[in-house]
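Participant: how does the following fold in three dimensions:
(2 chains)
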2 protein chains.
Amino acid sequence: MALHIGVDIGGTKVLAAEVAPDGSVLRTARRTTPGRRVDVALVEDALTEAVLEVADGRPVDGVGLAAAGFVDADGERVMFAPHLPWRGDPTRSRLEARWGTAVVLDNDANCAARAELALGVARGQRDVLMVTLGTGIGGAVVLGGTVVRGRNGMAGEFGHMQVVPGGEPCECGGSGCWEQYSSGNALVRHARTRMVALRLDTTTALEELCGGDPARLTGPMVTEAAAGGDPLALEAFEVVGGWLGVGLANLVAAFDPQLVVVGGGVSAAGELLLEPARRALEESLVGAAHRVVPAVVQGRFGPEAGVVGGADLVRDRLRASSR
Amino acid sequence: MALHIGVDIGGTKVLAAEVAPDGSVLRTARRTTPGRRVDVALVEDALTEAVLEVADGRPVDGVGLAAAGFVDADGERVMFAPHLPWRGDPTRSRLEARWGTAVVLDNDANCAARAELALGVARGQRDVLMVTLGTGIGGAVVLGGTVVRGRNGMAGEFGHMQVVPGGEPCECGGSGCWEQYSSGNALVRHARTRMVALRLDTTTALEELCGGDPARLTGPMVTEAAAGGDPLALEAFEVVGGWLGVGLANLVAAFDPQLVVVGGGVSAAGELLLEPARRALEESLVGAAHRVVPAVVQGRFGPEAGVVGGADLVRDRLRASSR
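Facilitator: Sure thing, here's the model as predicted:
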């Protein structure tokens, strides 16, 4: 059986996976991302280790890289990534030479969209918005069944659409960016602030989960507390989900898609996130009474969407080039 | 020579025009739009009169209707239009039967985009955003050289993307919509408010143009005063142009187009509007240092873009069906 490996390169970790043609993840390897201020060779060493571990001595037919950053329109270079050291390096060709196997490269959200489109909840759909909520917001635009890459390969950078003029400062240098209001970071920030505010009066599930230290609170803890009915955690999802819906209303006004797929780590919360998002979308969307409002659904592949999409991308390229 | 007529159906007026294949407008006729609370037959009578006047006894080969409203994905019906009475009527087929000639129908901004793409400033471009600033904001998305219509035919409704949470109330029922900050209405509102505020101290060119009555101020008056260097009018363009750039930054983040074309009545102001818009776009756009920021240019066809695009649409359909 052919061996296709997808590699998701995030700001904190690298996930490599052998993926079957049906999207099943057969074997994985993880590494910590060395950081953004290190030599790119260190990051590429980490990728190499992860790929070798998954291959486990077998010949590799192709690797698809899903990178958390701006990938150029040709899929050759990571032009810029807030949490990775690449700045226009010829990453794809360099790794192809180093590994001696076919390598393709795309943005992680584009890969996630590809996974959902080819094998997941968006199968058979033509016009789809993919929004991934992790640390920040990633996104992809599918029109006519194809992921739109844009002139610079930067289409789908929804996280930095401004939703509040003069709002929360953002790592991108701007302020009021959507991902400051609807993301894992936003979820934790909201819950943490409310915990501190309520500190003296009550004990919540959140407090227990983080051992009494709001600074140690994480997104998965908020999800766990909300699933258990903790009112403070539920409120955080209500707020973050509401902002998700407001931003989606803007995107739906612009694209008028059939379907919205929400992926990324925060989407593991499912209806806790999606229900308030759907309500806000209905309320904010222009002409909602005169149109079919798109369904907003959770992605099938969750945190594995990047590796599944990366592997599918390289499999597809190899298939196309062998014709 | 074949006779193709484009008809732009706006909230206040109907413009019909004979258009040559190169986009030249050869003959026009105008009617006042009867309003939104009248019988649809009155509007269709006005269209008929305008078409007959342009035809002037000659046989008509086809008519392309460019309507200021939501046109369904099949181009058969105006589903909803704030200033027109149609609500899902089978307008296209009804007029085709009444006129005995080929009739096609699309949204006015889609027609404007088509005109600029086929014959104007966007010729040869693949990925283009068209934004039309008139009373409100209209828009169209061009990807791969084709106007994207979306599931409901509503793609490109940029005017109702929310740019200020809890901001200015909008006729759509929402608040803080982009067109409340960047449009002909916004321009006049800004200038009027400042006129009233400064009333007691100074006399401005604006005051002379509107005969001392701020309520009589119009967009073209603000443009005229700004062109003459009136500081208050220039300030209004600075503000409206700045908001144009902020909204464009959001759209460019999402679509990553090669080119942005600004049309509609307000675009007649040219650089007075576009220069502050470009500045704000550069400032607000994520990753501006790592990408080619698209050019922002004035459309070629101005207020005639709708009729030129409508005529081009019907010409193209007839050509395709005769193959």
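Participant: quick check: the residue of the stretch 51-200 of chain A nearest chain B.
Facilitator: A:Gly150 (2.4 Å; CB to the nearest CB). Bear in mind the C-beta positions are built from the backbone N, C-alpha and C, glycine included.
Participant: which SS state does the nearest residue to A:Leu133 once chain neighbours are set aside fall under?
Facilitator: Once flanking residues are discounted, A:Leu133 sits nearest to A:Val266: 3.8 Å by CB to CB, 6 or more residues apart in numbering or on different chains. The local conformation at A:Val266, judged by DSSP: H, G, I helix; E, B strand; the rest coil, is helix.
Participant: also the one 10 residues further on?
Facilitator: Using three-state DSSP, the three-state assignment for A:Pro276 comes out as helix.
Participant: which residues touch it?
Facilitator: Taking CB atoms under 8 Å, 6 or more residues apart in numbering or on different chains, we find A:Pro276 in contact with A:237-238, A:241-242, A:244-245.
Participant: most neighbours among the residues you listed, which one is it?
Facilitator: When those are compared by neighbour count (other CB atoms under 10 Å in any protein chain shown), A:Leu244 ends up highest, at 31 neighbours.
Participant: who are the contact partners of that residue?
Facilitator: A:131, A:133, A:182, A:262, A:273, A:276-277, A:280.
Participant: which parts of the stretch 1-150 of chain A sit against chain B?
Facilitator: A:70, A:79-80, A:127, A:139, A:141, A:143-144, A:148-150 (CB under 8 Å from any CB of the partner chain).
Participant: what are the phi and psi angles of the residue of the stretch 201-323 of chain A found nearest chain B?
Facilitator: At 2.5 Å from chain B, A:Asp256 is the closest residue in the stretch 201-323 of chain A, using CB to the nearest CB. Reported as degrees, to the nearest 10, the phi and psi values for A:Asp256 are phi 50, psi 60.
Participant: tell me, how many residues neighbour the residue lying closest to it once chain neighbours are set aside?
Facilitator: Excluding the flanking residues, the one nearest A:Asp256 by CB to CB, 6+ apart is B:Gly150, at 2.5 Å. For B:Gly150, the number of neighbouring residues by other CB under 10 Å comes to 22.
Participant: what's the spacing between B:Gly150 and A:Val292?
Facilitator: B:Gly150 is 10 Å from A:Val292, where distance means CB to CB, to the nearest Å.
Participant: before we move on, what about A:Val239?
Facilitator: Distance from A:Val239 to A:Val292, by CB to CB: 27 Å.
Participant: between those two, which one's more packed in?
Facilitator: Set A:Val239 next to A:Val292 and count neighbours by other CB under 10 Å: A:Val239 wins out with 18 against 12.
Participant: now stretch A:223-240 - C-alpha only, CSV.
Facilitator: The C-alpha coordinates for stretch A:223-240 follow below in CSV (Å, rounded to 0.1, in the frame of the first residue of the first chain):
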residue,chain,number,x,y,z
THR,A,223,-14.7,23.1,27.1
GLU,A,224,-14.7,20.5,29.8
ALA,A,225,-16.3,22.8,32.4
ALA,A,226,-19.0,24.0,29.9
ALA,A,227,-19.8,20.4,29.0
GLY,A,228,-20.4,19.9,32.7
GLY,A,229,-22.7,22.8,32.9
ASP,A,230,-20.5,25.4,34.6
PRO,A,231,-22.2,28.7,34.1
LEU,A,232,-19.0,30.7,33.7
ALA,A,233,-17.7,28.4,31.0
LEU,A,234,-21.0,28.4,29.3
GLU,A,235,-21.0,32.2,29.3
ALA,A,236,-17.6,32.2,27.6
PHE,A,237,-18.9,29.9,24.8
GLU,A,238,-22.0,32.1,24.5
VAL,A,239,-19.8,35.2,23.9
VAL,A,240,-17.2,33.5,21.7
